[in-house]
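Enquirer: Test case, fold it:
(one chain, ligands or ions: 2)
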Amino acid sequence: MYRKTLTAILAAGLALSSGMLPAEAENHVSNEQSDHAFDNKVIKKIDSENMYQHIEVLSQQPREAGTDGEWQGVQYIKEQFESFGYETEIQPFEFNKGFERGTPSIALNGNDFAGDVHTFTGSVNAEVEAPLVYVGLASAGEVGDEVAGKIALIERGEISFYDKIQNVMDKGAVGVIMFNREGTTGNQFGGIYEGQDIPAVAITREAGLELVDRLATEEVTATVSVEGASYIKGTSHNVIAKKKPHPNKDNGQIVMVGAHHDSVSVGPGANDDASGVAAVLELARVMANTPTDTELRFATYGAEEKGLVGSYNYAYSLSDEEVQNIVGHFQLDMVGSRDAGELIMFTPDGEKNLVTDYGAAAGARVSETVPYGQLGRSDHVPFFERGIPAALFIHAPLEPWYHGPEDTIDKISKEKLQDVGEIVGAAVYQIARPDTPALENANVAPGPVEYDFDDRPL
Ligand code: BES
Ligand code: ZN
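Expert: Ligands and ions are numbered 1, 2, ... in the order given. Next up, the predicted model:
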């Protein structure tokens, strides 16, 4: 429903500035309901039935990155964009689908270690020989200069693998042996990240505690070796559809709307994120014949669930000039669950930006002012990192079906889809409409609204 902004629109002289015919303008002024509001040409066309049908098609099977399920989804999305008249591109890229652990080994004072050794996911191939030093849980406070040039023996637990390894590397460690946490018997764990280029291996808790005892009475020189480890690469795809503005009205700006089309392996991802894809497709359909002065780019990303890989690829393939010209990226992820909470806009730094400003205003125009909060975890992050205003539109708290086999079409709410489609549509149109030549000088509503930070649980 139309709420706050009509007076503002009229005060700003919308009827004239938007180039409406006098009769329309008259009609507009005389009717204070949403039926005749200025951006209805977009909002009224958005149809949740279309979005629901897209989800129905896309959620017939999982769409895990690199699988045939993803590829079928990609084909469907491309066909849809093309049917609306968009120039559409499929961009392939590689991602890490698995890890071949090769042959890890440990020797202690020249003797082969008796227990099982497991390569950390991501470990480099290397052999290092150096004194072994025990650093407890390897929290920053525990690790001193004594690990410089040595191999760190670390207990698992309390802080992340990343932080433990970074803490010992910061002090100059050359290798890592980690033993498992209390209450465990196995040694299949551990990951090390890009830039952490020392060999890292895992052993059982029992073997680790024995080594701790031994180090209390004797100096031990360890050899840690990983050979033949490597990532197994898969191929995933982004789908990008572009619409150029009217050539005489091109203001050089670009606005992007994105979602991820891949799902986790165990479920069909009806809400995560066929819902976002469906909204992107519906907005693309509605905007296809709407004149704009701004280039529109609709994108669906692959391998989001593997670490935002598709959106990182895309965001870092943009030239500096394109980055300058992209005024906002609207990310739609999990926007249709019957069982989730209310709409919120998340930014990686918890600060408002152009996207949240327009989203909040459009929310007030369509249904409810939308609050903002702080969260990464989706494809808005790489755009944010490139300095582009970006926000994630999502309902929170989350539904219980998140990342499970029950994330299916029967849990999808057409009302939620409709609301998000209208809000994002109104926001995008507000940026792209030809009668708002500069965003800063926009003289038509939705005008700015007050909106709050919200730290509700996920
Ligand atoms: N749709 C989720 C993101 C999400 C989850 C947002 C929960 C808000 C609450 C997304 O598809 C996802 O699962 N992302 C991954 C992150 C990625 C880097 C693998 C996640 O959050 O685990
Ligand atoms: Zn998602």
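
Enquirer: Next up, the contacts around the residue in the stretch 301-450 of the chain that ligand 2 sits nearest to.
Expert: Going by Cβ to the ion, ligand 2 is nearest to residue 333 of the stretch 301-450 of the chain, at 4.2 Å. (Glycine included, C-beta is placed from N, CA and C.) Counting by Cβ atoms under 8 Å, 6 or more residues apart in numbering, residue 333 makes contact with 259, 260, 272, 273, 276, 304, 378, 379, 392, 393, 394.

Enquirer: which helix of the chain spans the most residues?
Expert: Counting residues, the longest helix in the chain under DSSP state H turns out to be helix 414-432.

Enquirer: follow-up on the earlier one: including distance to ligand 2 and pLDDT, could the contacts of residue 333 go into TSV?
Expert: Compiled in TSV, the contacts of residue 333 are given as follows (distance: Cβ to the ion, whole Å; pLDDT from 0 to 100):
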residue	distance to ligand 2	pLDDT
259	8	99
260	6	99
272	4	98
273	4	98
276	7	99
304	6	98
378	6	98
379	8	98
392	9	99
393	12	99
394	8	98
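
Enquirer: Which ones among those residues lie within helices?
Expert: Secondary-structure check on the contacts of residue 333 using DSSP H: residues within helices are residue 276.

Enquirer: and residue 85, how many residues sit next to it?
Expert: Here the neighbour count serves as a burial measure; for residue 85 (other Cβ atoms under 10 Å) it reads 13.

Enquirer: quick one: it and residue 288 touch, right?
Expert: Yes: shown here, residue 85 and residue 288 form a contact pair, counting by Cβ atoms under 8 Å, at 5.2 Å.

Enquirer: contacting residues around whichever residue of the stretch 351-458 of the chain sits closest to ligand 1?
Expert: Nearest to ligand 1 in the stretch 351-458 of the chain, going by Cβ to the nearest ligand atom, is residue 377, at a distance of 3.6 Å. Residue 377 makes contact with residue 392, according to Cβ under 8 Å, 6+ apart.

Enquirer: For the chain, which residues are neighbours of ligand 2?
Expert: Residues of the chain lying near ligand 2 by Cβ under 5 Å from the ion: 272, 273, 333.

Enquirer: Work out the gap between stretch 205-222 and the centre of the chain.
Expert: A distance of 43 Å separates the C-alpha centroid of stretch 205-222 from that of its chain, computed with Cα atoms, centre = their mean, to the nearest Å.

Enquirer: Please identify the buried residues of it?
Expert: 205, 207, 208, 211, 222 (16 or more other Cβ atoms under 10 Å).

Enquirer: if I look at the closest residue to the fourth one other than its chain neighbours, how far off is residue 203?
Expert: When you say that, I think you mean residue 211. Counting by Cβ to Cβ, 6 or more residues apart in numbering, residue 153 is the residue found nearest to residue 211 once chain neighbours are left out, at 5.9 Å. According to Cβ to Cβ, to the nearest Å, residue 153 and residue 203 sit 9 Å apart.

Enquirer: How about residue 143?
Expert: Remark: distance between residue 143 and residue 203 (Cβ to Cβ) = 19 Å.

Enquirer: just residue 314 next, same as before
Expert: The gap separating residue 314 from residue 203 is 40 Å, by Cβ to Cβ.

Enquirer: Could you look up the SS state of the closest residue to residue 50 other than its chain neighbours?
Expert: Closest residue in space to residue 50, ignoring its immediate chain neighbours: residue 282 at 5.1 Å, by Cβ to Cβ, 6+ apart. Using DSSP: H, G, I helix; E, B strand; the rest coil as the criterion, the local structure at residue 282 reads helix.

Enquirer: Quick check, residue 282 in contact with residue 422.
Expert: No: Residue 282 is not in contact with residue 422 according to Cβ under 8 Å; the separation is 10.1 Å.

Enquirer: quick one: common contacting residues for those two?
Expert: When contacts are counted by Cβ under 8 Å, 6+ apart, residue 282 and residue 422 are jointly contacted by residue 46.

Enquirer: The two: which has the busier surroundings?
Expert: Using other Cβ under 10 Å, the more surrounded residue of residue 282 and residue 422 is residue 282, with 28 against 24.

Enquirer: Tell me the predicted confidence for the more buried one.
Expert: You'll see residue 282 listed with a pLDDT of 98.

Enquirer: Provide a list of residues in contact with it.
Expert: Residue 282 makes contact with 46, 47, 48, 50, 51, 54, 421 under the criterion Cβ under 8 Å, 6+ apart.

Enquirer: how much space between it and residue 336?
Expert: Look at residue 282 and residue 336: by Cβ to Cβ, they are 11 Å apart.

Enquirer: overlap in contacts of those two?
Expert: The overlap between the contact sets of residue 282 and residue 336 (Cβ under 8 Å, 6+ apart) consists of residue 51.

Enquirer: list the contacts for residue 42?
Expert: Under the criterion of Cβ under 8 Å, 6+ apart, the neighbours of residue 42 are 286, 287, 290, 425, 426, 429.

Enquirer: Residue 331 and residue 389 touch, don't they?
Expert: No: with contacts defined as Cβ under 8 Å, residue 331 does not count as touching residue 389, sitting 11.4 Å away.

Enquirer: who's more crowded, those two?
Expert: Residue environment comparison for residue 331 versus residue 389 gives the larger neighbour count to residue 331, 32 against 22, counting by other Cβ under 10 Å.

Enquirer: Just give the closest residue to the more buried one, not the sequence neighbours.
Expert: Ranked by Cβ to Cβ, 6+ apart and with sequence neighbours excluded, the top spatial neighbour of residue 331 is residue 380, at 4.0 Å.

Enquirer: so who does that neighbour touch?
Expert: When contacts are counted by Cβ under 8 Å, 6+ apart, residue 380 is found next to 258, 329, 331, 346, 347, 348, 390, 391, 392.

Enquirer: Point out the ones among those that are inside strands.
Expert: Those of those mapping onto strands are 258, 329, 331, 346, 347, 390, 391, 392, per DSSP state E.
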